[in-house]
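Trainee: pasting the sequence and the predicted model now:
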Amino acid sequence: MYSEKLSTYYDNLYSQKDYKSECDLIIKYSKTKDSLLDIGCGTMTHSIILSDFFKDVLSTDLSAPMINVGIKKITEKGINNVTTFNGPISDIKLNTPFNTIISMFNVVNHINTVNNLISYFKTVSNLLSKDGVFIFDCWNGTACRIDPPKEIMEKSISHDFHTILTKTKTETNLFESWSLMNTDVNLYFESELVDNFSFSLLQKLWTPDVLKDICEMCGLSVVKIIPYFDDSLLANEKDYRLTFICEKLN
């Protein structure tokens, strides 16, 4: 669960993420643009961009602070075709299935057991319309075995007079297929430290074959697996980030 402090700075921390290119691919592969479900929507940046292309968008996340940041953003922008749901997707009351479902920024890697992963994909399949499209991205567990995640990574992000410095220490257990990322965040105004906090993310390193098998077991056909939002190629074992494009089986 993402804390209120992390939610406050989330958009600044990930300001270099290319949301537009990701949304362009989602638009390209969406067959019908009546309804979109954004699972694990975070602060709703994907939802906001895609609201220009879909008639109705439902943004859902387990973190109330993240949803609240997103609600503030859509209110400020005057967007009226995006609604929100704070809770597990199994609690969504379905009237009409969704034409497109997305789950961005490694949501499936936050699911740490096979049983929960099966339940997740079954729920997605049940929420998806006939011939509907499901797109998600994830870490490639196979690539992480070939080249394990870096143990220490530092990053600097500048905004006007503010600078955010992050330091992530990663512990990886390849036998149990997980990585634990502990990140320290320091926020400076000019050269003065004005805020700091830490957060941890546990990521399950699912391999592509496991994800594909479970998708198909749950009624989702994997159309293609590509390097991270690059559909000019098919993915291979060394691509660290993957995007799955799936359709509901008839």
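Mentor: Sure, I can see it.
Trainee: the strands in this protein, which residues?
Mentor: Counting by DSSP state E, the chain has strands at residues 35-39, 56-61, 82-86, 98-103, 128-139, 152-159, 162-173, 178-189, 192-204, 220-227, 241-248.
Trainee: any idea how far the closest residue to residue 135 other than its chain neighbours lies from residue 163?
Mentor: Excluding its sequence neighbours, the residue lying closest to residue 135 (Cβ to Cβ, 6 or more residues apart in numbering) is residue 102, at 5.0 Å. From N, CA and C alone the C-beta is placed, and that goes for glycine too. Separation of residue 102 from residue 163 (Cβ to Cβ, to the nearest Å): 32 Å.
Trainee: kindly report the same for residue 220.
Mentor: 43 Å.
Trainee: the more surrounded of the two?
Mentor: Ranked by neighbour count (other Cβ atoms under 10 Å), residue 220 and residue 163 place residue 220 first, with 24 against 15.
Trainee: report the contact partners of the more buried one.
Mentor: 121, 124, 125, 128, 134, 246, 247, 248, 249 (Cβ atoms under 8 Å, 6 or more residues apart in numbering).
Trainee: what's the answer for residue 39, then?
Mentor: 60, 89, 101, 102, 103, 107, 124 are the contacts of residue 39 under Cβ under 8 Å, 6+ apart.
Trainee: is it true that the second one touches residue 60?
Mentor: Yep, that's residue 89 we're talking about. Yes: contact criterion Cβ atoms under 8 Å: residue 89 and residue 60 qualify, at 6.1 Å.
Trainee: please name the nearest non-neighbouring residue to residue 227.
Mentor: residue 239 (4.4 Å).
Trainee: from what I see, the residue nearest to residue 135 and residue 127 are in contact.
Mentor: No: applying Cβ under 8 Å as the test, residue 102 and residue 127 come out as separate, 11.8 Å apart.
Trainee: buried sites along stretch 44-61?
Mentor: In terms of neighbour count (16 or more other Cβ atoms under 10 Å), stretch 44-61 has its buried residues at 44-51, 54, 56-61.
Trainee: ignore the last one, stretch 73-88
Mentor: 73, 74, 82, 84, 85, 86.
Trainee: same question, stretch 187-196
Mentor: Buried residues in stretch 187-196 (16+ other Cβ under 10 Å): 187, 188.
Trainee: first-to-last residue distance for it?
Mentor: Stretch 187-196 stretches 6 Å from its first residue to its last (Cα to Cα, to the nearest Å).
Trainee: ok, now stretch 106-125?
Mentor: Where stretch 106-125 begins and where it ends lie 18 Å apart, using Cα to Cα.
Trainee: ok, residues contacting it?
Mentor: 39-40, 89-90, 101, 103, 134, 136-139, 178, 201-206, 211, 214-215, 217-220, 248.
Trainee: now the closest residue in space to residue 65 that isn't next to it in sequence: how far from residue 42?
Mentor: Nearest residue to residue 65, sequence neighbours excluded (Cβ to Cβ, 6+ apart): residue 7, at 3.8 Å. Look at residue 7 and residue 42: by Cβ to Cβ, they are 8 Å apart.
Trainee: anything in contact with each of those two?
Mentor: Contact with both residue 7 and residue 42 is made by residues 63, 66, according to Cβ under 8 Å, 6+ apart.
Trainee: before we move on, the earlier item: among the contacts of stretch 106-125, name the buried ones.
Mentor: The buried subset of the contacts of stretch 106-125 (16+ other Cβ under 10 Å) comprises 39-40, 89, 101, 103, 134, 136-139, 178, 201, 203-206, 211, 214-215, 218-220, 248.
Trainee: want to throw the buried residues of stretch 73-88 into JSON lines with pLDDT and distance to residue 32?
Mentor: Formatted as JSON lines, those follow (pLDDT from 0 to 100; distance: Cβ to Cβ, whole Å):
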{"residue": "73", "pLDDT": "98", "distance to residue 32": "26"}
{"residue": "74", "pLDDT": "98", "distance to residue 32": "23"}
{"residue": "82", "pLDDT": "98", "distance to residue 32": "18"}
{"residue": "84", "pLDDT": "98", "distance to residue 32": "22"}
{"residue": "85", "pLDDT": "97", "distance to residue 32": "21"}
{"residue": "86", "pLDDT": "97", "distance to residue 32": "27"}
